[in-house]
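Chemist: Okay, sequence plus prediction incoming.
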Amino acid sequence: MSKNCVQVLDLCVKCNNHICEGRFYPALKGVDLIEKNYMQSIPAKALKITDIFGSDTYEQMVMKKEPEYEANVLLFHLQSSDIMQAFPYIAPFSSMVPDCCRIVPSFIKDSVNYLYELF
């Protein structure tokens with residue numbers, strides 16, 4: 001694997017870790033670094049995460065039903081306790097958090113696969 005592949009993979013892993021820990025500023029900086037230094041090497045569909053950050057309203061998510069809660073909180077282990085919450089549930093985060101949790105794994109996979117094809 002080339003040096004560029006390793007660097008992009010390392011940045012992606014760091015972004016994922018920051019997002020999982022609720023630290024979005026370092027994740028944004030990582031995405032910026034990838035965009036500035038490796039834009040030509042990353043497929044367009046893998047850059048959806050920048051759209052998520054750009055379009056978020058930063059308002060707390062309101063979930064009215066259990067399936068919504070399961071898809072946005074439980075699926076990504078974002079709950080603060082094991083007790084099922086009362087509805088409507090107001091999350092301590094915006095819709096960006098579960099959206100990023102959905103896209104980051106595919107972002108990493110797509111980027112790595114693309115870079116493997118280059119080298």
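Modeler: Sure, I can see it.

Chemist: Could you chop this protein up by domain?
Modeler: 1-54+96-119, 60-93 (automatic domain parsing).

Chemist: From the opening residue of the last one to its closing one, how far?
Modeler: Distance between the two ends of domain 60-93: 5 Å, counting by Cα to Cα, to the nearest Å.

Chemist: quick one: buried residues of it?
Modeler: Residues of domain 60-93 classed as buried by neighbour count (16 or more other Cβ atoms under 10 Å): 61, 63, 69, 72-73, 78, 85, 89, 91, 93. Quick note: C-beta positions are derived from backbone N, CA and C, even for glycine.

Chemist: how about the strands in this structure?
Modeler: 62-63, 89-90 (DSSP state E).

Chemist: avg pLDDT for the first one?
Modeler: For strand 62-63, the mean pLDDT works out to 94.

Chemist: again, but for stretch 20-32
Modeler: For stretch 20-32, the per-residue pLDDT averages 70.

Chemist: Is it correct that residue 57 is in contact with residue 94?
Modeler: Yes: the pair formed by residue 57 and residue 94 meets the contact definition of Cβ atoms under 8 Å, at 6.6 Å.

Chemist: This completes my enquiry, with thanks.
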